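Peer 1: give the three-dimensional model of this entry:
(one chain, ligands or ions: 1)
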Amino acid sequence: MEAESFVASRWTRGNRLFPTRIIVGDQSVMRRKRSWLTLNEESVHVRNVATVNITTGLVWSDVSIESSGGSDPITSHGHTKSDARRIKELIETLQARLTSGAGPGADAAAPPAADAADLRPCPHCAELVRKAARICRYCQRELD
Ligand SMILES: [Zn+2]
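Peer 2: From the prediction side, this is the model:
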């Protein structure tokens, strides 16, 4: 899938010179925000997105993408309603695909609690992750 990007309206607070951009790719959701001197990027793996909240005002919609890893949500305001809906829809489609790609026997509704035998420390951040995991749920780095 081609990454789709959504740019906040320049008519909204904080977006006049450097509007926030939300990029939804195959694997991750990224928020990109420029200022005069820096480019700030935050991203969360689609797998780790817990909820996508849309708050719609009179004209513009705010998008808040919460991750299950406990990090701060990715937020962006000043999107059109249709863009906000599209962001949510894309993320949900990607998540459904990841879940269905997990193979037979994988139950999306299975409780997340894993027994200790199924865990190992991540080589990058030392948090306990599942042995079968290919991406660390804490630091989002690839595991071997
Ligand atoms: Zn890690």
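Peer 1: C-alpha from now on. contacts and neighbour counts both.
Peer 2: OK.
Peer 1: pLDDT wise, what is the residue of the chain most remote from its centre at?
Peer 2: The outermost residue of the chain, judged against the average C-alpha position, is residue 117 (28.5 Å), by Cα atoms, centre = their mean. On pLDDT, residue 117 comes in at 74.
Peer 1: part of a helix, is it?
Peer 2: Yes - assessed by DSSP: H, G, I helix; E, B strand; the rest coil, residue 117 belongs to a helix.
Peer 1: do you know how far it is from residue 131?
Peer 2: For residue 117, the distance to residue 131 equals 9 Å [Cα to Cα, to the nearest Å].
Peer 1: how about residue 31?
Peer 2: Counting by Cα to Cα, the gap from residue 31 to residue 131 is 30 Å.
Peer 1: between those two, which one's more packed in?
Peer 2: More crowded of residue 31 and residue 131, by other Cα atoms under 10 Å: residue 31, with 21 against 14.
Peer 1: doesn't residue 70 lie inside a strand?
Peer 2: No - looking at residue 70 with three-state DSSP, it is coil, so not inside a strand.
Peer 1: ok, it - contacts?
Peer 2: Listed by Cα atoms under 8 Å, 6 or more residues apart in numbering, residue 70 has no contact partners.
Peer 1: can you read off the pLDDT for it?
Peer 2: 72.
Peer 1: distance check, it against the ion.
Peer 2: To the ion, residue 70 is 13 Å away according to Cα to the ion, to the nearest Å.
Peer 1: also residue 41?
Peer 2: In this view, residue 41 and the ion are 19 Å apart by Cα to the ion.
Peer 1: chain neighbours aside, what residue packs nearest to that residue?
Peer 2: residue 32 (4.6 Å; Cα to Cα, 6 or more residues apart in numbering).
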